[in-house]
Each structure stands twice: as C-alpha cells, then as structure tokens.
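Undergrad: Got a predicted structure here, sequence first:
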Amino acid sequence: MANRKRNIQMKFWVTEEEKRLIEEKMAQLHTKRSGAYLRKIAIDGYIIQVDTTDIKEMTRALSAIGRNINQIAKRLNAGGPAYQADMEEIRERMEQIWQLQRRILLSQR
C-alpha cells in the first residue's frame, strides 16, 4: 500500500435505499467505479443550504390568520357579531404576509 497514490481507505455504511440512489446517480454519469464517483462528489460536490427563516415566519403568520378566521366564522355561524377589530387584525396580518412574500422574492434575485 505504500506505493499507492491513495493509501488511506475510508468506509461508510448506507441503507439499501441510499445505495440504490447512489447507483442511480452513478448511472446518470455513466460511471461504474463507485470509489471514483464518491471521491469526486466528496471533494468537488457542493451543499446547498437554504435559509427558510422568512418562509417559517410567513407560515406562522398564515397560521395565526387561519385561527382568527376560524374564530370569526364560528362566531358568525353561531349568530354572533363580527367585530371590526377582528377584521382589522386580519388585514394587518395579511399585510405582514405580503411584505414577507415580497422580501422572500426579492432575496431570490
């Protein structure tokens, strides 16, 4: 092994599904040598990390609006009054969502 250019062996375990996926990707590149493929991916591959903070914030806002709408709908279905403050809160939250959406879309450019 001292004469080999690559004289350090690395091993890792995979599930059947992971092995199948690796083999599919190798086939797409028309390569049969898993060592060469895995070495190339490990060295030259890249990881895309997406910041979903804005999306999570928008999801929370949508959830809050949904709860408010459900409360108003229950009150209306029971013959109760709709309050102007409830409607205004929904409008404000919708504006927050539109602002978040604009910020998300602008950050994608």
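TA: That came in fine, so what should we check first?

Undergrad: Please count neighbours and contacts with C-alpha atoms only from this point.
TA: OK.

Undergrad: so how far is the lowest-mean-pLDDT helix or strand in the chain off the chain centroid?
TA: Within the chain, no helix or strand scores below helix 84-107, which has a mean of 80 by mean pLDDT, DSSP states H and E. Taking CA atoms, centre = their mean, to the nearest Å, one finds helix 84-107 lying 21 Å from the centre of the chain it belongs to.

Undergrad: which strands and helices sit next to that helix?
TA: In terms of contacts (3 or more CA pairs under 8 Å, 6 or more residues apart in numbering; DSSP states H and E), helix 84-107 is packed against helix 53-77.

Undergrad: packing partners for the helix it packs on?
TA: Contacts defined by 3+ CA pairs under 8 Å, 6+ apart place helix 53-77 against helix 84-107.

Undergrad: hmm, who's touching the helix it packs on?
TA: 54, 55, 57, 58, 61, 62, 65, 68, 69, 72 (CA atoms under 8 Å, 6 or more residues apart in numbering).

Undergrad: Give the buried residues for that helix.
TA: Applying a neighbour-count criterion of 16 or more other CA atoms under 10 Å, one finds 90, 93, 94, 96, 97, 100, 104 buried in helix 84-107.

Undergrad: mind checking how far stretch 27-47 is from the chain centre?
TA: Stretch 27-47 sits 25 Å away from the centroid of its parent chain (CA atoms, centre = their mean).

Undergrad: what residues does that stretch touch?
TA: With CA under 8 Å, 6+ apart as the criterion, stretch 27-47 contacts residue 26.

Undergrad: Any idea how far apart the tips of it sit?
TA: The straight-line separation of the ends of stretch 27-47 (CA to CA, to the nearest Å) is 21 Å.

Undergrad: Cool, thanks, talk later.
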